[in-house]
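> coords please:
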Amino acid sequence: MYTDVYYLLMRLSDLKHTLNIPVFNGNDLIKMFPKEPKSQINTQLRRMSARGDLIGLKRDIYLFPGVKIDEFVLANKLYSPSYVSLESALNTYGVIPDITANVTSVSPVTSKRVVTSKGAFLYSKINKDLFFGFQNVLDQSSGLYYQIGLPEKALLDYIYIRKVRNIRESRVDLSGLSNKVLTKFSAQFPKWVGEVLKS
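Purely as a prediction, here's the structure:
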């Protein structure tokens, strides 16, 4: 076991083996080396990123080059708390046919767009009271979990955030959704959202 983070970070293969996860941040190493100065760890990570040993996705988030990782995992890692929802989730569930160029998520913090070398990720702010109705899904390739809205919740988020007034015009397929869950979840939203479902 390495006792000095400096020597660990000099060998990419050792770092991969020690962390055993494809995407990580400085805090992951700080937890492993609590006696090492945080500034030293961050300096070494920045140097590795500059050399191309690591891919810097955004400040303090890194990915090992050549590693495949689900974009939904990245969406959760890049901005937290958040869960994949709206168009990305609805397309995944087959509720809408359109594929989005960006991964769409919701967060109770703020709306923002994060652009990385692996694509753009869009986050729409949602009220804290509406931050529910999501599940954990295991990405088999990386062994990491990501959070994604249940299909009924993703649809309600979509109606609410995109201000949809007619779901037929949005080519929404409701056949695979639970009316019971939709009714339960929609009770937490403004009344007009539930009315759209009935139209």
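
> Pass me the low-pLDDT residue ranges in the chain, would you?
1-11 (pLDDT under 70).

> Where does Q147 sit, in terms of helix or strand?
strand 144-149 (DSSP states H and E).

> Identify each buried residue in that strand, please.
Across strand 144-149, burial judged by 16 or more other Cβ atoms under 10 Å covers 144, 146-149. Every residue, glycine included, has its C-beta placed from N, CA and C.

> Convert it to CSV, retaining C-alpha atoms only.
The C-alpha trace of strand 144-149 is given here as CSV (Å, rounded to 0.1, in the frame of the first residue of the first chain):
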residue,chain,number,x,y,z
LEU,A,144,-20.7,2.8,-10.7
TYR,A,145,-24.3,3.8,-10.1
TYR,A,146,-26.3,6.7,-11.6
GLN,A,147,-29.6,8.2,-10.6
ILE,A,148,-32.4,8.5,-13.2
GLY,A,149,-36.0,9.6,-12.8
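
> What helices and strands are in contact with that strand?
Judged by 3 or more Cβ pairs under 8 Å, 6 or more residues apart in numbering; DSSP states H and E, the packing partners of strand 144-149 are helix 71-78, strand 83-84, helix 86-92, strand 134-139.

> can you rerun that using 7 Å?
For strand 144-149, the elements it packs on are helix 71-78, strand 83-84, strand 134-139, judged by 3 or more Cβ pairs under 7 Å, 6 or more residues apart in numbering; DSSP states H and E.

> what are the ranges of the helices in this protein?
5-9, 12-19, 26-32, 38-51, 71-78, 86-92, 151-161, 179-186, 191-198 (DSSP state H).

> List just the one of the helices and strands packed on strand 144-149 that sits closest to A101.
helix 71-78 (11.3 Å; Cβ to Cβ).

> what comes into contact with the closest one?
23, 57-58, 61, 82, 84, 103, 105, 114, 118-119, 121, 139, 142, 144, 146-148 (Cβ atoms under 7 Å, 6 or more residues apart in numbering).

> Apart from its neighbours in sequence, what residue is nearest T116?
Leaving aside its sequence neighbours, T116 sits nearest to L57 (Cβ to Cβ, 6 or more residues apart in numbering; 4.5 Å).

> Please identify the most buried of the helices and strands packed on strand 144-149.
strand 83-84 (a mean of 26; mean count of other Cβ atoms under 10 Å).
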